[in-house]
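In: Just to be clear, the model below is a prediction. Sequence and coordinates:
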Amino acid sequence: MPYATSVSVVSSAVELTPPGPRGIPPLFARLVDDSALFPPADVAMPEALRAHFESRGGEHAGVLGVFLCQASRLPELITELIKIKPKEPLPLSLIIDTGLGGVPKAISIVESRSELLSLRMVEMPAPSDVDEVWLERVSEFVPEDVIRVVEPRRGVGWLDGVRNVIEHGSWPKIRCGGKAGENFPSVDEVADFLSVVSGSPGASFKATNSLHRAVRHVDPETGFTHHGFLNLLVASARCLSGGDVRAALESTDGKALADEARALPEPAAKAVRQLFGSYAAASFAEPVADLGELELL
């Protein structure tokens, strides 16, 4: 079946076109957001920033998205950036860990240091009921040119929460793993999530947690089955074309997934990335290495 390509224009806050001479295939451009400050990496601020800027100046810089930092750690981030003196402002996703009421102050701090920081995204967990009043306040607090990402909790009524987030102009976030088995959504749950988002014209989503590798696999240390980010990309493509989404999510055949991803025409790849905006990874080296081994970069 042909892939849907009539998608709305992507926010200017996210660059989905190959960046200059270090051109990256559109399917992987700005795909991987840097969550080195968060578990399981928990890298110290100076080391996390040093590694981020090294990646941003490296061969695969076009795959790298924004740098994730907690609102509570903004002073620490700014202090380190003053020492580094970056040539360009750091593309930032602000992770709200101070409650919704802390959003205006955090954004004000970021905007006051525009020579150091460029706010691209604001992310926060939703309350259990994902009520409309709360979502309206999110829209009021976050500037229109900044992407809002809201994570509804999985459970009873979860997909209704996802729909509410989309209706209020935010990206829903799906958490794909964590420290316990219950943190890992089932294939059916991921497929249902993709169905809801892809069924909403122009909607995008973000993924996070435990998507370290391209292909679905079992972690030998924990025994947990991890979703693969390439599985998620191919599943998103199949969502748009009416293909078998669950089979794509379940596949452990890296070559087959890579062949399917490689065969996507450019308009289809861009449509996929309109749907699947980005995902957060504790390591940038791992996803780049996997894409290299699969001959996708």
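Out: Now that the structure is in, tell me what you want to look at. Note that this is a predicted model, so its numbers are computed, not measured.

In: buried stuff in the stretch of helix or strand residue 91 belongs to?
Out: Assigned by DSSP states H and E, residue 91 falls within strand 90-95. Under the neighbour-count criterion of 16 or more other C-beta atoms under 10 Å, strand 90-95 has 90-95 buried. (C-beta placed from N, C-alpha, C; glycine too.)

In: And the contacts of it?
Out: Here strand 90-95 makes contact (C-beta atoms under 8 Å, 6 or more residues apart in numbering) with 33, 38, 49, 52, 65-71, 74, 81, 106-107, 110, 116-124, 149.

In: just to revisit the earlier point, okay if I get the buried residues of strand 90-95 as CSV plus distance to residue 196?
Out: Putting these into CSV (distance: C-beta to C-beta, whole Å) gives the following:
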residue, distance to residue 196
90, 33
91, 28
92, 28
93, 23
94, 26
95, 24
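
In: Among these, which one sits closest to residue 179?
Out: Closest approach between the buried residues of strand 90-95 and residue 179, by C-beta to C-beta: residue 95, at 17.6 Å.

In: could you measure residue 59 against residue 297, distance?
Out: 9 Å (C-beta to C-beta, to the nearest Å).

In: who's more crowded, the two?
Out: More neighbours surround residue 297 than the other of residue 59 and residue 297, with 17 against 11 (other C-beta atoms under 10 Å).

In: Now do the contacts for that one.
Out: 24-25, 28, 60, 63, 288, 291.

In: Among the residues you listed, which pair sits farthest apart?
Out: 25 and 288, at 12.8 Å, using C-beta to C-beta across those.

In: Same drill for those two, tell me which one is more crowded.
Out: More crowded of residue 25 and residue 288, by other C-beta under 10 Å: residue 288, with 21 against 18.

In: any weak-confidence spans in this protein?
Out: 1-22 (pLDDT under 70).

In: now the helices: where do they sit in it?
Out: Shown for the chain, the helices assigned by DSSP state H span residues 45-56, 74-84, 103-112, 132-141, 158-167, 187-198, 229-241, 245-250, 254-262, 266-275, 285-293.

In: Between those, which one is closest to residue 220.
Out: Nearest of the helices of the chain (C-beta to C-beta): helix 285-293, 15.1 Å.

In: Just the angle for that closest one relative to helix 229-241, thanks.
Out: Taking axes from the mean of the first three to the mean of the last three C-alpha atoms, to 10 degrees, helix 285-293 and helix 229-241 form an angle of 70 degrees between their directions.

In: Show me what helix 285-293 is packed up against.
Out: helix 229-241 (3 or more C-beta pairs under 8 Å, 6 or more residues apart in numbering; DSSP states H and E).

In: Output the contacting helices and strands for the helix it packs on.
Out: So helix 229-241, by 3+ C-beta pairs under 8 Å, 6+ apart, packs with helix 187-198, helix 245-250, helix 254-262, helix 266-275, strand 276-281, helix 285-293.

In: rewinding a little: distance between the strand holding residue 91 and the chain's centre?
Out: Offset of strand 90-95 from its chain centre (C-alpha atoms, centre = their mean, to the nearest Å): 12 Å.

In: strand partners of it, parallel vs antiparallel please.
Out: strand 64-70 (parallel), strand 117-125 (parallel) (DSSP bridges).

In: Dump the contacts of residue 297 to TSV, plus distance to residue 141.
Out: Putting these into TSV (distance: C-beta to C-beta, whole Å) gives the following:
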residue	distance to residue 141
24	33
25	35
28	32
60	34
63	30
288	34
291	36
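
In: and the helices and strands packed on helix 229-241, which is most packed in?
Out: Comparing these by mean neighbour count (mean count of other C-beta atoms under 10 Å), strand 276-281 comes out on top with a mean of 26.

In: Show me what it is in contact with.
Out: Counting by C-beta under 8 Å, 6+ apart, 14, 30-35, 38, 65-66, 68, 147, 171, 176, 204-209, 211-212, 229, 232-233, 236, 287 sit against strand 276-281.

In: State the distance from the residue of the chain positioned farthest from its centre to residue 94.
Out: When distances are taken from the C-alpha mean of the chain, residue 83 lies farthest, 28.1 Å away, according to C-alpha atoms, centre = their mean. For residue 83, the distance to residue 94 (C-beta to C-beta) stands at 21 Å.

In: repeat for residue 205
Out: 18 Å.

In: What is the nearest of the contacts of residue 297 to residue 154?
Out: Nearest to residue 154 among those, with distances taken as C-beta to C-beta, is residue 28, at 27.1 Å.

In: And the closest one, how far from residue 250?
Out: 22 Å.
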